[in-house]
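Q: Pasted the sequence and its predicted model underneath.
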Amino acid sequence: MDIELMISSFPKLINATLITLKLLSVSLILGLFIGLGFAVLRMNNNKLINKFAYGYSYIFRGTPLLVQIFIIYFGLGQIEYLRTTFLWVVLKEPYWCAIIAFSLNTGAYTSEILRSAFQTIKPGYLEAGRSLGIPSKIIFTKIQIPIAIKQSLPAYGNEIILMLKGTSLASTVTLMDLTGVAKYIISTTFKPVEVFIVAGGIYLFITFIIHNVIKYLEKKYGFQT
Amino acid sequence: MELLYFGDKGWGDELFFATLMTIAVSITAMIIGFIFAALFTPLKLSNNKFLNSIGNAYTTVIRGVPELLVIYLFFFGGSGAIMFVASIFGYNDYIEINAFLTGSFSIGIISGAYSTEVFRGALQSIDKGQFEAAKVLGFNRYIYFFKIILPQMLRLAIPNLSNVWQITLKDTSLISVTGLVEIMRQSYIAAGSTRDPLFFYSFAAVLYLMLTFLSMQLLNRLETKYSKGY
């Protein structure tokens, strides 16, 4: 055990944790919107729209996140046309490529979570809302969404933790996130166990916090339905 | 399409063997995972606090730490650990472990943590009366476990195990960082030498989709087979 290395690498790893957290939060927020959009599309009665939303979630859930990142980072740059548009400003940055891949990936999982949450809402609530003359927009935001949040919290908590682990793949496209820095320290010092303990400990600590926040929210939204 | 020709001209055969490699690693990892699950599920269900905390530590740590970090630990630390053990027995040469073994082992440990949770859940949802009845009827331990508990457990576990299989299959893409030539690594090599990453990575995505689709079909059949009689 090289305690000294563990102590000296700690500040570097903490700095890298900030990048991990930034990647995580930005892609979760974007993914939530994408997921909500596709969940609504999935519940559409039009078969074509429905199939499109299903295909999206099937493709993103059926392929490894690593492939998705590589397609976006290495693949899209190959299209000459893209290089001329303003999108190229975004796509040449590994940071934004990682965020796009993560958001699309978590969006696919989130859409499945939200869809099943919306579908478990008893039709009686919607009928009650409608018969009281509440506009359907307000039924959606004030009745469907709060119930869906409650139903989907446990599954969404898992998704956040999966995404936290997913952000480690950013290190494969040259981003120095927590895993990237950990790998760099391991490959320069050849002390994998020590670095693993520190970096793994930081990941576990974040997981622990997420777990508890979700638990708290579950309690807060734990109204009877 | 020329890029996919078999033989020297295209990458078809290379990608074909890479797909076989992915399947081989996934299956090996799944089996190693089952071994780990068989060891740790009893610990997680044990009443002994110490054993219980070992079981919990395994599943919590592995499921809370990124797969890539676990792979790096075994990739960089694996041969060191084995050389240390070998040096105790007086063998001091450099030992390099096979990338296939490192890869399957690290993915196996990860998949084992998920399998442990699945088996624990399945065992806990078997009706208590079944255990008691089996004991009261005086069955020996072999029949007790293999004929009464296991079939009921499998029925409950298989749907979740197919999820674990999907996770394991997708996780194998991460072993490409260790240089094992599976789908992802082969696509990386092909993309590098043809300068056509978009095509090869998209093709890799198609291969993975095919694998997940086909394995789901098989697993669904298994599921109906085991839920017979319910």
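A: Here it is on my side, so go on. Since we're looking at a predicted model, the values are computed, not measured.
Q: contacts and neighbour counts: CA atoms only from here.
A: Fine.
Q: now residue A:151, nearest residue through space, not along the chain?
A: residue A:117 (5.4 Å; CA to CA, 6 or more residues apart in numbering or on different chains).
Q: The helix or strand containing residue A:31: which residues count as buried?
A: Per DSSP states H and E: residue A:31 is located in helix A:3-42. Using 16 or more other CA atoms under 10 Å in any protein chain shown as the test for burial, helix A:3-42 gives A:6, A:9-10, A:13-14, A:16-17, A:19-21, A:23-25, A:27-28, A:30-39, A:41-42.
Q: Next: stretch A:69-84.
A: Result for stretch A:69-84 [16+ other CA under 10 Å]: buried residues A:69, A:70, A:71, A:72, A:73, A:74, A:75, A:76, A:77, A:78.
Q: Can you dump the C-alpha atoms of stretch B:10-26 in PDB for me?
A: Extracted C-alpha coordinates of stretch B:10-26, given in PDB (Å, rounded to 0.1, in the frame of the first residue of the first chain):
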ATOM      1  CA  GLY B  10     -12.500  -6.300 -46.800                       C
ATOM      2  CA  TRP B  11     -13.100  -6.600 -43.100                       C
ATOM      3  CA  GLY B  12     -16.000  -9.100 -43.200                       C
ATOM      4  CA  ASP B  13     -14.100 -12.000 -41.900                       C
ATOM      5  CA  GLU B  14     -12.300 -10.000 -39.200                       C
ATOM      6  CA  LEU B  15     -15.600  -8.600 -38.000                       C
ATOM      7  CA  PHE B  16     -17.200 -12.000 -38.100                       C
ATOM      8  CA  PHE B  17     -14.500 -13.500 -35.800                       C
ATOM      9  CA  ALA B  18     -14.700 -10.400 -33.600                       C
ATOM     10  CA  THR B  19     -18.400 -11.000 -33.200                       C
ATOM     11  CA  LEU B  20     -17.600 -14.600 -32.100                       C
ATOM     12  CA  MET B  21     -15.100 -13.200 -29.700                       C
ATOM     13  CA  THR B  22     -17.700 -10.900 -28.200                       C
ATOM     14  CA  ILE B  23     -20.100 -13.800 -27.800                       C
ATOM     15  CA  ALA B  24     -17.400 -15.900 -26.200                       C
ATOM     16  CA  VAL B  25     -16.300 -13.200 -23.800                       C
ATOM     17  CA  SER B  26     -20.000 -12.500 -22.800                       C
END
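Q: Tell me the spacing between residue B:6 and residue B:28.
A: Here residue B:6 is placed at a distance of 27 Å from residue B:28 (CA to CA, to the nearest Å).
Q: the more surrounded of these two?
A: Comparing residue B:6 with residue B:28 by other CA atoms under 10 Å in any protein chain shown, the one with more neighbours is residue B:28, at 19 against 14.
Q: Go through the buried residues of stretch A:69-84 and name the one nearest chain B.
A: residue A:75 (3.7 Å; CA to the nearest CA).
Q: how many neighbours does whatever residue of chain B ends up closest to chain A have?
A: Taking CA to the nearest CA, chain A has its nearest neighbour within chain B at residue B:198, 3.7 Å off. Around residue B:198 there are 21 other residues, counting by other CA under 10 Å.
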